[in-house]
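Visitor: Quick one: sequence and predicted model below, then my questions.
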Amino acid sequence: MGRIPCCEKESVKKGQWTPEEDHKLSSYIAQHGTRNWRLIPKNAGLQRCGKSCRLRWTNYLRPDLKHGQFSDPEEQIIVRLHSVLGNRWSVIAAQLPGRTDNDVKNHWNTKLKKKLSGMGIDPVTHKPYSHLMAEIANTLAAPQVANLAEATLGCLKDEMLHLLTKKHVDIQLQSPILSQQMVNNNGNTSPYNIVSEHEASEDDTVEKIKIGLSRAIIQDQETTTRSNKFWDTNGTSSANFSGYQYPFGQEGEGSPWNQSMCTDSTCTGDQQNQFRSKMRDENGDEFDGEKDRRNVSSMFSPDCDLWDLPSNDLLNPLV
DNA sequence: AATCTACTCAACCGCAACACC
DNA sequence: TGGTGTTGCGGTTGAGTAGAT
C-alpha cells in the first residue's frame, strides 16, 4: 500500500539540470506543448521525473520569465499582498508578470522578511514588534510579564549573545533617566516590572537585553498614548520601505497598530464586509484557488485598485 | 591561503485539489 | 460516487558561492 510514486525513483536523475537537459526539455515542449508531464521526460529522452520537468520549465525555462533582481515596485506589491494574503505565493506571483511563486517565495524568505524585521515590523503580522510586545504585555499582570520576558530571553539568549559577541555591539543605555528606571529593580519604577528581582546578574549582556525589551514596551506605550512618532498625522506609518510608505493607517485614526488585528471584535462591520466582498467571487464563495487570481487582478484594475483599499482591510487576518 | 559562516536560489518533497473515467 | 492519475502549491533542503576571519 502507500502512495504511488510519481515516477520510477531508481531510474531518475536528481539535482541540477545540465544545459543539454534544458535544451531537450525546451525543444520538446516547443514542439509538443506541456500536456501530461509524466510522459514528457520519457518522450523527450530525459531521465527525469515529470514533476522535476514541470518545475524546471515553470521556474526557469519558460520564455516569458523575468530573471534578475526584483524592482522596488515589485517588492512593494509583494509586501502589500503578503499583508493581505499571507504565504499564498502563487496568487502573489500572478500579479508580477514574469515572476514565479518560487521566485517570490525565495525573495520573501531571503530579503523582504529581513527588510521588514530591520524596520521593526513583524513579517508575519506586518505589525511593529514593539506593538506586539506591548499588546501581549497589556493583557498580562505585571508578574506574568516578567515571566514572559524571562522565557523569551531564555529562547533568544544564545542567539543574541552570539550576535553581540560577534559584532562587538556595545549596548549602552541611551537615556540616563530611563536607565535608572530600568536598572533600579528595588524601586520598581518600570510599569511592567520586567527586570527580574534577582541580584545583578553576572551575565551583564542578558541584563542589558532585558532592559532593551522593557524600553521597547515603554516606548510603545508612550507612542500609542500620544501622537505617535512612528505614524504621521494622518495615521499612516512613516516606516519607509524603499521609498514605499507603509500605508496601513487610516485617516484620523492614528496608528492602526493601536487596534488589535482586524478581527471581528475590533473591525467595524463595514470594514469587514467591504473587504470580504472584495474577496468573494460572484457566487459568494470564499477567496480561493484560481478565483483568487481573478479577484486579486480586479484589485489592481482601475475601478478597484488594491493600493486604494482602506488600510484597515489590509489587517484582515487571512494570514 | 585556508577555513568558516552566511546567504541565495534551484530543486525536492508531501499534500491537497482537480480532472477524468 | 468513488477511484485513480495529474497538476499545483507551499515548506524545506542543500549545493554553490561570496564574504569574513
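Guide: Good, I have the coordinates.
Visitor: Could you export stretch A:11-25 as CSV, CA atoms only?
Guide: Extracted as CSV, the C-alpha positions of stretch A:11-25 are listed here (Å, rounded to 0.1, in the frame of the first residue of the first chain):
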residue,chain,number,x,y,z
SER,A,11,15.9,5.4,-12.7
VAL,A,12,15.5,9.2,-12.5
LYS,A,13,18.2,11.8,-12.2
LYS,A,14,18.1,14.4,-9.5
GLY,A,15,19.8,17.6,-8.8
GLN,A,16,21.0,20.4,-11.0
TRP,A,17,19.9,20.4,-14.6
THR,A,18,22.5,20.5,-17.4
PRO,A,19,22.3,22.8,-20.4
GLU,A,20,21.8,19.7,-22.5
GLU,A,21,18.8,18.6,-20.4
ASP,A,22,17.4,22.1,-20.6
HIS,A,23,17.7,22.1,-24.3
LYS,A,24,16.0,18.7,-24.7
LEU,A,25,13.1,19.8,-22.5
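Visitor: Report the buried residues of it.
Guide: A:12, A:17, A:21, A:24-25 (16 or more other C-beta atoms under 10 Å). Placement of C-beta: from N, CA and C, glycine included.
Visitor: same for the host helix or strand of A:Arg56, what does it pack against?
Guide: Assigned by DSSP states H and E, A:Arg56 falls within helix A:50-56. When contacts are defined as 3 or more C-beta pairs under 8 Å, 6 or more residues apart in numbering; DSSP states H and E, helix A:50-56 packs onto helix A:19-32, helix A:40-44.
Visitor: residues in contact with A:Lys113?
Guide: Neighbour list for A:Lys113: A:Pro123 [criterion: C-beta atoms under 8 Å, 6 or more residues apart in numbering].
Visitor: Just the buried residues of the helix or strand it falls within, please?
Guide: Using DSSP H and E, A:Lys113 sits in helix A:113-118. Under the neighbour-count criterion of 16+ other C-beta under 10 Å, helix A:113-118 has A:113, A:116 buried.
Visitor: What residue in the stretch 101-250 of chain A comes nearest to DNA strand C?
Guide: In the stretch 101-250 of chain A, the residue that lies nearest DNA strand C is A:Asp101 (4.7 Å; C-beta to the nearest atom of the strand).
Visitor: Excluding chain neighbours, what is closest to that residue?
Guide: Leaving aside its sequence neighbours, A:Asp101 sits nearest to A:Trp89 (C-beta to C-beta, 6 or more residues apart in numbering; 3.8 Å).
Visitor: Report how many residues lie close to that neighbour.
Guide: Neighbourhood size, A:Trp89 [other C-beta atoms under 10 Å]: 22.
Visitor: So which bits of chain A are right by DNA strand C?
Guide: Contact residues, chain A versus DNA strand C (C-beta under 7 Å from any atom of the strand): A:4, A:6, A:15-16, A:35-39, A:50-51, A:54, A:58, A:87-91, A:101-102, A:105-106, A:109, A:166.
Visitor: If we use 6 Å, what do you get?
Guide: Taking C-beta under 6 Å from any atom of the strand as the measure of proximity, chain A contacts DNA strand C at A:4, A:6, A:35-38, A:50, A:54, A:87-90, A:101, A:105, A:109.
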